[in-house]
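Novice: here's a sequence, model it:
(chains A, B, C and D)
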Protein chains: 2
Amino acid sequence: MDRTIREVARRAGVSIATVSRVLNKTVPVSEDKRKRVLEAVDAVGYTPNPAAQSLLKKETGGLGVLLPYAGEEFFAELLTGADLAAQEYGYYLLICTSHRDDKTLQASIRGLDKRVDGLVVMVPEINAKELAYLAKGEDPVVCINTPLSTDAVDRINFDNFEGVRKMTAYLIANGHERIALIRGPERAHDAQKRLEGYRAAMQGAGVSDTSMLEFNGDYTKQAGYTVGEKILALDPRPTAIIAANDYCAIGVLSVLHEHGIAVPEEISVAGFDDVPSAQYAAPTLTSVRVPIREIGAAAIRRLVTRLRAKHPMPHEDQVYPVELVVRQSTAPCKDEA
Amino acid sequence: MDRTIREVARRAGVSIATVSRVLNKTVPVSEDKRKRVLEAVDAVGYTPNPAAQSLLKKETGGLGVLLPYAGEEFFAELLTGADLAAQEYGYYLLICTSHRDDKTLQASIRGLDKRVDGLVVMVPEINAKELAYLAKGEDPVVCINTPLSTDAVDRINFDNFEGVRKMTAYLIANGHERIALIRGPERAHDAQKRLEGYRAAMQGAGVSDTSMLEFNGDYTKQAGYTVGEKILALDPRPTAIIAANDYCAIGVLSVLHEHGIAVPEEISVAGFDDVPSAQYAAPTLTSVRVPIREIGAAAIRRLVTRLRAKHPMPHEDQVYPVELVVRQSTAPCKDEA
DNA sequence: CTGTTAGCGCATTCAT
DNA sequence: ATGAATGCGCTAACAG
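Specialist: Predicted structure coming up:
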């Protein structure tokens, strides 16, 4: 049995237009027919075919979310915020993950084309070409934490620069001088900003050349472990390490623990993002709080607002402040030097 | 400018059928026209409208995933596994979250109807009515960790019973006698199985009535904290606590820490799931490892296999084994009683 | 108020 | 090898 509008109309003894009108409440329908239609709908188990609706109305009811990974806490939190907001507005979410790979990202973007009405993009390493492609598309796009090379999209950023600058300044104020930084991926926009924040603070403290204190890494526990080991071998050893993010910091904590080095007594460790895990690490992790869930929701709201607006809206560029959260993994420097 | 097949055909000076044939490689097309079509496609930036394709072919290319939450680590891991597998097969993922709410779940299920070609459901508290609805639908469904009340769907379960039974037996073997259990939600299928596993082990050790040791809770840190506090007030105090899952266990650890009670010296704590955080909790958490990412991928593979099979396939019922992972949060009982 | 009709964009016959 | 024509299920415009 076809679960189509025609079948419903047949059973109710009305035309398909009437069925549509009952379902969409677009025009009054006589109570009698209305009831018969509703019964038939129930009997058939009818649901309008979204493909047909979408073809006609040029709307899909879906919103796309583009992320490097869905499983990492940071992105999972973003997803949760987006999910909650989308549900509130009656949109469903289509998730695409790039796994930090350009080809996959491009495929995802192409594949999303007419499947969604709008797009949230949080891919720090997105390249200019893809960004331009998105900006040229018909669908509204909100970019989270991406470089500002186009003004054809909405942007929501958080203050990567200021976050690490504050963190560095805090460590300096606590007597640290040799503060190592594990940088995130070079092509990731946020990692660059964090690096600049670090340098700014260090220069403010009179350290103009930090090249010996900067280490290449990425946003993984594995990187924290490996690079942490390298940093330990330094002489003199840094008294503090600022990791690329919380995951990376947790890797650092892990290698320090294995080497029997006390945190924060012998060395301070800091992360970035303040993901839920940071509060449960051992020791609890000093970090920079990013209101990521809220940002995810804000991105969806922006998209929906734009979709509902019948007149063009100016594109916005919002920057969320971030907040230093001091926990057990950092302490004043006890270096006797 | 319309980005339709017609526009491409016009530019290439061919019929729309030819464009379709070039794009779908369904029938040979003369090299000359093929080239012109491809050029036109490029010039227009043409992508076939998925809604039109779906209307015609009765396939969407999407797979739905139904979860309580997207942000919790356990589900995020499931999602990652599903995502990887879906990407491999060229399907996209449509995520719906129920937030453990029946109404939301029902709305999600209805909304997914013709938007996807198949469905992965991991909602332990799903009710019989919704399950029946899903089973009756046209799309293949894989249920993860749900009760076995219908054989019209594929099922992938992991051994909740055996997991907690093993955990309990391990604690008993280490001299523990007063082992408290924080139960998960009563209407959650997995929580029931875990409870039964606990009781089985306790009875095996001669404790036939465990009612004084069972506590109502749920899968949250908050529950672990609150219920943990209640358990602490007991006299005599239990020497071990098995939490509903890892999140709950982390809440227990947190309240014990606040009360200055040493883990595992004074009391042992265990979780379930072995989410990534368990390895980074303080102390590291003894848990039951569930291969959740693999399960997520397996569910998608099952779905795709079924979709590609042109002949009906028998429904399967697979049970993944789970594994006890002993870490620092549990130790032999030092009770002098 | 209600029925009839015309497409939305595309893959697929059926002719040629 | 290719074009014309059909129709997937639905909403909206047009008649009554």
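
Novice: outline the domain layout of chain A.
Specialist: Per automatic domain parsing, the structural domains of chain A span A:2-56, A:62-159+A:292-321, A:160-290.

Novice: between the two ends of the last one, how far is it?
Specialist: Which is domain A:160-290. Taking Cα to Cα, to the nearest Å, the first and last residues of domain A:160-290 lie 9 Å apart.

Novice: the second one now?
Specialist: Across its full length, domain A:62-159+A:292-321 reaches 29 Å between end residues, using Cα to Cα.

Novice: near chain B, anything from it?
Specialist: Yes. On the criterion Cβ under 8 Å from any Cβ of the partner chain, domain A:62-159+A:292-321 is in touch with chain B at A:62, A:69-73, A:76-77, A:79-80, A:83, A:87, A:92-97, A:104, A:110-115, A:293. Placement of C-beta: from N, CA and C, glycine included.

Novice: is the closest residue to chain B within chain A in a helix, a strand, or coil?
Specialist: Here chain A gets closest to chain B at one residue, A:Ala282, 2.8 Å apart by Cβ to the nearest Cβ. Taken by DSSP: H, G, I helix; E, B strand; the rest coil, the conformation at A:Ala282 corresponds to coil.

Novice: from the residues of domain A:62-159+A:292-321 next to chain B, which land in strands?
Specialist: Applying DSSP state E to those, the entries found in strands are A:Gly62, A:Tyr92, A:Leu93, A:Leu94, A:Ile95, A:Cys96, A:Thr97.

Novice: spit out the contact partners of the fourth one.
Specialist: It stands for A:Leu94. Applying Cβ atoms under 8 Å, 6 or more residues apart in numbering or on different chains, we find A:Leu94 in contact with A:Gly62, A:Leu63, A:Gly64, A:Val65, A:Leu112, A:Arg115, A:Val116, B:Gly62, B:Tyr92, B:Leu93, B:Leu94, B:Ile95.

Novice: go again with 7 Å.
Specialist: Contacts for A:Leu94 (Cβ atoms under 7 Å, 6 or more residues apart in numbering or on different chains) come out as A:Gly62, A:Leu63, A:Gly64, A:Leu112, A:Arg115, A:Val116, B:Tyr92, B:Leu94.

Novice: now the helices for the stretch 51-200 of chain A?
Specialist: Ranges of helices in the stretch 51-200 of chain A, per DSSP state H, counting those that start in this stretch, are A:73-89, A:102-111, A:128-136, A:160-173, A:189-204.

Novice: okay, now the unreliable bits of chain A?
Specialist: Counting by pLDDT under 70, chain A shows low-confidence ranges at A:336-337.

Novice: what parts of it come near DNA strand C?
Specialist: Taking Cβ under 7 Å from any atom of the strand as the measure of proximity, chain A contacts DNA strand C at A:14-18, A:21, A:27-30, A:32-34, A:52, A:55-56.

Novice: between which two of those residues is the distance greatest?
Specialist: A:Asp32 and A:Leu55 (31.6 Å; Cβ to Cβ).

Novice: and the two? Which one has more around it.
Specialist: Between A:Asp32 and A:Leu55, counting by other Cβ atoms under 10 Å in any protein chain shown, A:Leu55 is the more crowded of the two (19 against 9).

Novice: quick one: that one from B:Asn49, how far?
Specialist: 7 Å (Cβ to Cβ, to the nearest Å).

Novice: who's in contact with A:Gln328?
Specialist: A:Pro264, A:Pro283, A:Thr284.

Novice: what of A:Tyr91?
Specialist: A:Gly61, A:Gly62, A:Leu63, A:Val304.

Novice: my guess is A:His315 meets A:Thr150, correct?
Specialist: No. Between A:His315 and A:Thr150 there is no contact under Cβ atoms under 7 Å: 9.2 Å.

Novice: check contacts around A:Gly296.
Specialist: Here A:Gly296 is in contact with A:Leu78, A:Leu79, A:Thr80, A:Gly81, A:Ala82 (criterion: Cβ under 7 Å, 6+ apart).
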